[in-house]
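> whatever this is, show me its structure:
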Amino acid sequence: MAQLKHHLIQEMATDLCAREEAKKRRGVFVTALSSVEKFILAGKEPFHIFRRIVGNDVTITSVASDSVEMTYRKNWPIWKLESVFLNSLFLKWARKLHGFCRCLNTSPRTGYSKILAENSDLEELCESDRHMNDWNRILPWFPNLVVLRVHAIEFVRILNWTSTLLPFLRKVVLIDYRLNRDVLSVHKYLAVHQNRCPNLETIQYNATKLEQMRFPARFRQRNVISSVKHIKITDHVEGCCTPLNFFFLTAAQKTFPSLESVEIEARADCQSLEYLNMTQKGRLVDYFYKAFESLNFGFTIKITFRECVDLFETPVSDLFQYFTTKGKVYGTPKKFTVRTSFPGKELIYEVISR
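The predicted model follows:
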């Protein structure tokens with residue numbers, strides 16, 4: 001194996017993981033990775049290659065003193081291995097932890113909990129608990145944190161209640177926040193405490209309505225967050241043919257003066273054609289495209305809009321034909337994608353007919 005080229009060994013390692021998962025697709029847990037264990041012990045290069053695979057693709061999801069659960073590429077099934085050797089190696093090599101970070105504060109730490117606590121190279125933390133009160137004790141365990149996934153209110157608490165510096169933090173993903181004030185508070189406290197995470201470049205807002213993208217009402221220099229270069233928003237539009245609200249972009253540009261790109265992903269379930277004819281639907285689509293075409297900022301904009309449509313009496317071909325005037329169309333009348341591009345902006349409109 002040592003004579004094989006590096007990329008071939010890499011492919012073999014990835015293929016081994018895929019095969020082991022395929023064997024257990026019908027079960028809940030993968031309990032053994034015998035071929036992987038043999039691969040790791042086959043030589044120095046396979047050992048180091050698999051270490052990188054674990055760092056990039058394995059996420060620790062649960063740890064106790066005598067058990068570990070993890071996922072490969074964040075997919076099912078769960079790996080709950082019986083091998084002490086593999087569990088110990090994976091905990092030492094892991095770079096991603098999803099929840100259960102309170103286990104680092106349990107005392108005394110023994111077994112697998114102790115091994116995880118000694119791993120100072122964890123780079124990605126996802127914590128879905130909305131009531132964390134011990135960030136002051138948790139964050140020091142992540143001196144090299146690069147990606148943080150938390151509720152908006154938890155990020156506010158981190159900024160407002162702790163003094164831990166996060167010099168390597170580059171991306172924050174705000175998950176499932178529901179209140180406008182949570183979003184506003186994130187921007188307020190991040191502006192005040194941006195010296196705590198001076199290299200934060202990307203903020204991702206998940207499950208967020210565009211109208212919730214609120215910024216301080218009075219623009220002042222102290223409200224500027226200069227490090228952020230990229231923002232991404234995912235939104236589920238309520239109601240049929242609802243135009244996206246782009247008004248927040250002006251305030252975002254003021255708050256993030258270094259902004260280079262904005263990505264918006266939105267989806268909608270539309271049953272409007274039950275009571276709208278094709279002409280009326282066309283007007284709504286025209287309005288959508290005109291709003292997009294009017295966007296003119298100093299950063300790039302990419303919008304992906306996915307719409308599931310119940311056509312009822314309207315022929316599928318009519319809707320498909322109408323969209324051929326909007327850009328390059330790919331797919332079939334029942335499921336197609338329209339790409340429209342201008343300098344500095346792109347709209348991908350996906351339509352699925354049911």
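
> nearest spatial neighbour of F323, skipping sequence neighbours?
V338 (4.9 Å; CB to CB, 6 or more residues apart in numbering). All C-beta atoms are positioned from the backbone trio N, CA, C, and that covers glycine.

> do R222 as well
A191 (6.3 Å).

> do I have it right that the one you found meets V228?
No. Distance between A191 and V228: 10.3 Å, which falls outside the contact criterion (CB atoms under 8 Å).

> where along the stretch 51-200 of the chain do the strands fall?
Assigned by DSSP state E, counting those that start in this stretch, the stretch 51-200 of the chain shows strands spanning 58-63, 68-72, 75-79, 96-98, 124-127, 147-150, 171-174.

> does anything pack onto the shortest one? Which helices or strands?
Here strand 96-98 is seen to pack against strand 58-63, strand 124-127 when contacts are counted using 3 or more CB pairs under 8 Å, 6 or more residues apart in numbering; DSSP states H and E.

> neighbouring strands - and their directions - for that strand?
Strand pairing for strand 96-98, using DSSP bridges, gives strand 58-63 (parallel), strand 124-127 (parallel).

> Throw those into TSV and include distance to T250 and mean pLDDT, thanks.
Supplementary listing: the strands paired with strand 96-98 in TSV, determined by distance: least, CB to CB, whole Å; pLDDT from 0 to 100:
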stretch	distance to T250	mean pLDDT
strand 58-63	37	90
strand 124-127	32	92
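
> now distance to F155 and mean neighbour count too, for the ones you listed, in a markdown table please.
Output for these, formatted as a markdown table (distance: least, CB to CB, whole Å; neighbours: other CB atoms under 10 Å):
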| stretch | distance to F155 | mean neighbour count |
| --- | --- | --- |
| strand 58-63 | 20 | 22 |
| strand 124-127 | 10 | 20 |
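
> in JSON lines: these, plus distance to G99.
JSON lines is the format used below for the strands paired with strand 96-98 (distance: least, CB to CB, whole Å):
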{"stretch": "strand 58-63", "distance to G99": "7"}
{"stretch": "strand 124-127", "distance to G99": "6"}
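
> and of those strands, who's closest to A94?
strand 58-63 (5.0 Å; CB to CB).

> pull the distance from that closest one to the chain's centre.
Relative to the chain's own centre, strand 58-63 is displaced by 17 Å; criterion: CA atoms, centre = their mean, to the nearest Å.

> residue ranges for the helices of this protein, please.
Along the chain, counting by DSSP state H, helices occupy 6-23, 34-40, 44-57, 84-93, 111-117, 135-138, 152-161, 180-192, 248-255, 278-293, 316-323.

> let me have those helices in TSV, extended by mean neighbour count.
Converted to TSV, those look like this (neighbours: other CB atoms under 10 Å):
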stretch	mean neighbour count
helix 6-23	15
helix 34-40	17
helix 44-57	16
helix 84-93	18
helix 111-117	19
helix 135-138	16
helix 152-161	21
helix 180-192	19
helix 248-255	17
helix 278-293	15
helix 316-323	16
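
> want to try TSV for those, with distance to R214 as columns?
Listed next are the helices of the chain as TSV, based on distance: least, CB to CB, whole Å:
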stretch	distance to R214
helix 6-23	42
helix 34-40	48
helix 44-57	35
helix 84-93	41
helix 111-117	38
helix 135-138	24
helix 152-161	11
helix 180-192	4
helix 248-255	7
helix 278-293	20
helix 316-323	33
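
> of these, which is nearest T300?
Nearest of the helices of the chain (CB to CB): helix 248-255, 11.9 Å.

> send me that closest one as CSV with only the CA atoms.
The C-alpha trace of helix 248-255 is given here as CSV (Å, rounded to 0.1, in the frame of the first residue of the first chain):
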residue,chain,number,x,y,z
PHE,A,248,-32.5,44.8,4.8
LEU,A,249,-29.6,44.8,2.3
THR,A,250,-29.1,48.6,2.7
ALA,A,251,-28.8,48.3,6.5
ALA,A,252,-26.6,45.3,6.1
GLN,A,253,-24.2,47.2,3.9
LYS,A,254,-23.8,49.9,6.5
THR,A,255,-23.3,47.4,9.4
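
> next, the angle helix 180-192 makes with it.
For helix 248-255 against helix 180-192, the angle by axes from the mean of the first three to the mean of the last three CA atoms, to 10 degrees is 20 degrees.

> tell me the mean pLDDT over helix 248-255?
Helix 248-255 carries an average pLDDT of 91.

> for the closest residue to D182 other than its chain neighbours, give me its contacts.
Counting by CB to CB, 6+ apart, A152 is the residue found nearest to D182 once chain neighbours are left out, at 4.0 Å. Taking CB atoms under 8 Å, 6 or more residues apart in numbering, we find A152 in contact with L174, Y177, D182, V183, S185, V186.

> quick one: which two of those residues are the most distant?
Largest pairwise distance in those, by CB to CB, is 11.0 Å, between L174 and S185.

> give me the neighbour count for A42.
15 (other CB atoms under 10 Å).
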